[in-house]
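Participant: turn this into a model:
(one chain, ligands or ions: 2)
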Amino acid sequence: MFQPDLLRGKRILVTGGGTGLGRAISHRFAELGASLVLCGRRGEVLESTAAAIAGETGVPVETAVCDVRSGEAVDAMVERLWATAPIDILINNAAGNFLARTHLLSHRAVDAVLNTVLHGTAYCTIACGKRWIEGGRPGTVLSVLTLSALQGAPFTVPSAMAKAGVLAMTKSLAVEWGRHGIRLVAVAPGPFPTPGAWQQLMPEDRQTAPLARSIPLGRYGEHAELANLCTFLVSDQAGYITGEAVVIDGGKRHLGGAGPSDLLEWTDEQWGKLRS
Ligand SMILES: CCC/C=C/C(=O)SCCNC(=O)CCNC(=O)[C@H](O)C(C)(C)COP(=O)([O-])OP(=O)([O-])OC[C@H]1O[C@@H](n2cnc3c(N)ncnc32)[C@H](O)[C@@H]1OP(=O)([O-])[O-]
Ligand SMILES: NC(=O)C1=CN([C@@H]2O[C@H](COP(=O)(O)OP(=O)(O)OC[C@H]3O[C@@H](n4cnc5c(N)ncnc54)[C@H](OP(=O)(O)O)[C@@H]3O)[C@@H](O)[C@H]2O)C=CC1
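Facilitator: Ligands and ions are numbered 1, 2, ... in the order given. You can find the predicted model right below:
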């Protein structure tokens, strides 16, 4: 359990906060007293999520329609938000991704992912960072990566490249901006079911594989588990953590490196035969 007022007084901007994991993280922040700004491209999605979170938690939730692929639009959004009150915490969560064979990707397909994940994250981070530094204020940036940022991923190569770039940004700015009291942290989730991710990445053909073969804990992540990790990392309780990415994946990352995972499927009979 967190202190009920852990995030009271914090103004938090969540990109992609209208759906999926961004929505779950935002909801947890609001429960702990934060005031929120949810950003995305679809106003009606943002409004509906904002109304639901505000109704359930009683905290104010603003919305900001913005395509993070445009540096000008991001700067205008952040300038407008700052005119009311500074943002304390930025969550870089907006992303686009799809399954495709890389040698068949068009330039525009590569750009569709890189512009959102790599450029959009850089624009949002710099827009907040320059205002924190100019205003002499501390700040925190949490970026949502994927496991592929650490170990690559075939068939989602632009996303893996972009998220790896965001990890490099996290480590680099932790050093460059540390003396200004700005922390940069990241989370690298394994699979957490959301309509967005499942539509893009989990066609029915992929959903029949036994989970135990791909995830040691044998289940997908729960949104609350990711939201709780993000809550700790952005809170003042984690004030000495910067430049780090925390993996939350049920052990998935270690399957390949930890030895032959096909042995997980072996029966007692097979083990007995080997022993004899
Ligand atoms: C384990 C889970 C890990 C989860 C990680 C996540 O990130 S989950 C997060 C999951 N959530 C989301 O992803 C939600 C947000 N997603 C989105 O906004 C879109 O899915 C987007 C990323 C395609 C960007 O859309 P947009 O409107 O900017 O793009 P557009 O429609 O204008 O097309 C631009 C170019 O891309 C091409 N192209 C498109 N699809 C495919 C494909 N499947 N194949 C090949 N190519 C494809 C298209 O043909 C065109 O190229 P062309 O023909 O002109 O040379
Ligand atoms: N679900 C999973 O298993 C995993 C997810 N992740 C990461 O978690 C994050 C959330 O993913 P998830 O919730 O599953 O998927 P969603 O599709 O629900 O989330 C993507 C969000 O980003 C917003 N978005 C997309 N493009 C833009 C843009 N150009 N400008 C502003 N907002 C944009 C979308 O809103 P709109 O379309 O209205 O703009 C949407 O709210 C992503 O960073 C993803 O890479 C990482 C590992 C695993």
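
Participant: which SSE is Q270 in?
Facilitator: Take DSSP states H and E as the rule and Q270 turns out to sit in helix 268-275.

Participant: quick one: name the residues of the stretch 51-200 of the chain near ligand 2.
Facilitator: With the criterion set to CB under 6 Å from any ligand atom, the stretch 51-200 of the chain comes near ligand 2 through 67-69, 93-97, 116, 120, 144, 146, 189, 191-192, 194, 196-197. For every residue, glycine as well, the C-beta is placed using N, CA and C.

Participant: now, which of those residues lie close to ligand 1?
Facilitator: With the criterion set as CB under 6 Å from any ligand atom, the members of those near ligand 1 are 95-97, 146, 191, 196-197.

Participant: just these: which are in helices?
Facilitator: The members of these that map onto helices under DSSP state H are 196-197.

Participant: distance from the chain centre to the lowest-mean-pLDDT helix or strand in the chain, please.
Facilitator: The weakest-scoring helix or strand in the chain, judged by mean pLDDT, DSSP states H and E, is helix 211-214 (a mean of 76). Offset of helix 211-214 from its chain centre (CA atoms, centre = their mean, to the nearest Å): 23 Å.

Participant: okay, buried residues for whatever helix or strand comes next after it please.
Facilitator: Where DSSP H and E defines the elements, the next helix or strand beyond helix 211-214 is helix 223-234. For helix 223-234, the neighbour count (16 or more other CB atoms under 10 Å) marks 223, 226-231, 233-234 as buried.

Participant: just the CA coordinates for helix 223-234, please, in CSV.
Facilitator: In CSV, the C-alpha atoms belonging to helix 223-234 read as follows (Å, rounded to 0.1, in the frame of the first residue of the first chain):
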residue,chain,number,x,y,z
HIS,A,223,-2.2,-3.2,-15.3
ALA,A,224,-2.1,-2.5,-11.5
GLU,A,225,1.3,-4.1,-11.3
LEU,A,226,2.8,-1.8,-13.9
ALA,A,227,1.0,1.2,-12.4
ASN,A,228,2.4,0.5,-9.0
LEU,A,229,5.9,0.3,-10.3
CYS,A,230,5.5,3.6,-12.2
THR,A,231,4.1,5.2,-9.0
PHE,A,232,7.1,4.3,-7.0
LEU,A,233,9.6,5.4,-9.6
VAL,A,234,8.0,8.9,-10.1
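
Participant: that one packs against which elements?
Facilitator: Helices and strands touching helix 223-234, by 3 or more CB pairs under 8 Å, 6 or more residues apart in numbering; DSSP states H and E, are helix 20-31, strand 89-92, strand 139-144, strand 182-189, strand 244-248.
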